[in-house]
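>>> sequence? don't have it. structure:
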């Protein structure tokens, strides 16, 4: 064997030994990590058993476990949270963009359930419920002194079911009785849209739900029919929502196959990239665009603003946004509750 061959053999053997050492170290590190996790879980289980055996009163395990889960997630980051079953249902309605009920906006004023406004086209609107009406009874029981949550639980219900309300109307001496048949009520994600002047439109989005891209398309078409030639897109106070809806909205203003946002997780399993033309779109707007943001603009709002800024598609005006930069995924649990866990970081096209 020549000197060069011996040298090559030594290098190969050395590299092989280094690779084996790396594999062994990685295996050992993984084993240590797994052992540590198992030890911590055993510790938690032991505390639960001790509480079950020795706590002075009967343990409310539902509250105890919820508290343990909440505490654990709080140690991860502020956005990983436990969601009780009733809140899961409420969130689903909010992000689905609809709920089933009678269709009123209300407030509790001096203990009275007061109608702020009926939602246009809702069962309440069709029956003639008015702003300023006080609902004093629901299904024959007093509604005076109810909390907002109690009101919601009484007025919401499956489509097609009925609820009886007794109303005290200003200027009318006798109470009015209404039987309202519940229906599907849309929850708009558009706070306002109007023409500022002959050529400037204004559109405010309050969150990114399942219906947002469709609503934005409808409102843009309305404004364009009124002569809009430039747009103020208001994302102030918009705390975010569905990432794919943000991509759809950004794609209405950014042409071609341009990157809108990409995500990076811990181990690459959920790394994704989203492009302007990834979802079907009717038209791509090219008119001047100004996006308004503030410290309450987060998550999906920052994705839209970031993409528009990075592609030099519009001007961003306002304050620094929230700066969340994280993606959460919701996992359902067997009792109807859920946990929302941060699974990735997202980045604007320029890598910010």
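Structure received. Everything numeric here is computed off the predicted structure, so don't read it as measured data.

>>> Flag every buried residue along stretch 266-286.
274, 275, 276, 285 (16 or more other CB atoms under 10 Å). No exception for glycine: its C-beta is placed from N, CA and C like everyone else's.

>>> Setting aside sequence neighbours, what's the nearest residue to the second one?
Spelled out, that is residue 275. Nearest non-adjacent residue to residue 275, counting by CB to CB, 6 or more residues apart in numbering: residue 257, 5.4 Å away.

>>> And for the last one?
When the adjacent residues along the chain are set aside, residue 285 lies closest to residue 253, with 5.3 Å between them (CB to CB, 6+ apart).

>>> which SSE is that neighbour in?
Using DSSP states H and E, no element contains residue 253; it sits outside every helix and strand.

>>> Which pLDDT value goes with it?
Predicted confidence (pLDDT) for residue 253: 96.

>>> that older thread, with pLDDT as extra columns, can I get the buried residues of stretch 266-286 in JSON lines?
Shown next, in JSON lines, are these (pLDDT from 0 to 100):
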{"residue": "274", "pLDDT": "92"}
{"residue": "275", "pLDDT": "93"}
{"residue": "276", "pLDDT": "92"}
{"residue": "285", "pLDDT": "94"}
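
>>> I'd like to know how many residues surround residue 351.
Number of residues near residue 351 (other CB atoms under 10 Å) recorded here: 7.

>>> before we move on, back to that, want to try CSV for the buried residues of stretch 266-286, with distance to residue 48 as columns?
Output for these, formatted as CSV (distance: CB to CB, whole Å):
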residue, distance to residue 48
274, 42
275, 48
276, 50
285, 57
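
>>> Next, the buried residues of stretch 151-158.
Going by neighbour count (16+ other CB under 10 Å), the buried part of stretch 151-158 is 151, 154, 155, 156.

>>> which other residues reach it?
With CB atoms under 8 Å, 6 or more residues apart in numbering as the test, stretch 151-158 has contacts from 99-102, 104, 106, 108, 113, 138-139, 143, 146, 163, 182.

>>> same thing but at 10 Å, please
Residues outside stretch 151-158 that contact it (CB atoms under 10 Å, 6 or more residues apart in numbering) are 86, 89-90, 93, 99-104, 106-108, 113, 124, 135, 138-139, 141, 143, 146-147, 163, 165, 180, 182, 185.

>>> Stretch 309-316 too?
With CB under 10 Å, 6+ apart, stretch 309-316 has contacts from 230-231, 233, 235, 250, 253-256, 258-261, 276, 285-293, 297, 304-308, 347-352.

>>> if you go through the stretch 51-200 of the chain in chain order, where are the helices?
61-74, 85-96, 123-127, 148-155 (DSSP state H, counting those that start in this stretch).

>>> any idea which residue sits dead centre in the chain?
Centre of the chain computed as the mean C-alpha position; nearest residue by CA atoms, centre = their mean is residue 241, 3.2 Å away.

>>> can you tell me how far the nearest residue to that residue once chain neighbours are set aside sits from residue 198?
Of all residues not flanking residue 241 in the chain, residue 208 sits nearest, at 3.1 Å (CB to CB, 6+ apart). Distance of residue 208 to residue 198, given as CB to CB, to the nearest Å: 30 Å.

>>> Kindly report the same for residue 186.
From residue 186 over to residue 198 the distance is 30 Å, taken as CB to CB.

>>> more crowded one of those two?
Between residue 186 and residue 198, counted using other CB under 10 Å, residue 186 has the larger neighbour count: 16 against 9.

>>> if I read this right, the more buried one contacts residue 101, doesn't it?
No: using CB atoms under 10 Å as the test, residue 186 is too far from residue 101 to be in contact (11.3 Å).

>>> Need the residues touching each of these two.
Common neighbours of residue 186 and residue 101 (CB under 10 Å, 6+ apart) are 119, 122.
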